[in-house]
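Visitor: Provide a 3D model corresponding to the input given below.
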Amino acid sequence: MEIGQLYQGLTFLAYATGIILILVGIMLIKVLIDLSKLMSNINDTANLVKEELVPTLKNVNKSVEIVSGVIIKAEAGVSKVKEFIANSPLKILAKLSTVGGTVAKGFFGGLCAGLKTFGKKK
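Guide: Numbering: from 1, shown residues only. The predicted structure follows:
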């Protein structure tokens, strides 16, 4: 009787293993189909991005060239203004205002010191 029960248990185990292998196979096939669809979608997306990216990069490159040209022209203008100021009497006025500021600061500093000295109460 024990051998009959052993055979019955082994038969049940064989059927259960067969059913599990079939289910795992079906799930594996489903995963492979989904993976194939995903790869197809990724390929389509990559092609779309590639098609749209090339004109965008061309536009960016053109914009950078335009901005670079504007910067070069602005630098040339700034250097001309610097040369003009360096060769004009405005340079003397700029130095004069610096000297005048120093003199005024010294004058007002001395005036305040004198007022403090003579303004002290005894």
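
Visitor: CA only for contacts and neighbour counts going forward, please
Guide: Will do.

Visitor: now Leu21: how far from Met27?
Guide: Distance, Leu21 to Met27, using CA to CA, to the nearest Å: 10 Å.

Visitor: for Leu53, same thing?
Guide: Distance of Leu53 to Met27, given as CA to CA: 38 Å.

Visitor: same check on Val78?
Guide: According to CA to CA, Val78 and Met27 sit 72 Å apart.

Visitor: again, but for Ile71
Guide: The gap separating Ile71 from Met27 is 62 Å, by CA to CA.

Visitor: look at the most centrally placed residue in the chain and report its pLDDT.
Guide: Residue closest to the mean C-alpha point of the chain, counted by CA atoms, centre = their mean, is Val60 at 16.0 Å. Looking at Val60, its pLDDT stands at 91.

Visitor: which elements pack onto whichever strand or helix holds it?
Guide: In this structure, Val60 sits in helix 2-87 according to DSSP states H and E. Here helix 2-87 touches no other helix or strand, going by 3 or more CA pairs under 8 Å, 6 or more residues apart in numbering; DSSP states H and E.

Visitor: next one: it to chain centre, how far?
Guide: 20 Å (CA atoms, centre = their mean, to the nearest Å).

Visitor: from Ser36, how far out is Ile42?
Guide: Using CA to CA, Ile42 is found at 10 Å from Ser36.

Visitor: er, Lys105 I mean
Guide: 82 Å.

Visitor: next one: Asp44
Guide: 12 Å.

Visitor: and what of Leu13?
Guide: In terms of CA to CA, Leu13 sits 34 Å off from Ser36.

Visitor: could you do Asn43 as well?
Guide: Going from Asn43 to Ser36 by CA to CA gives 11 Å.
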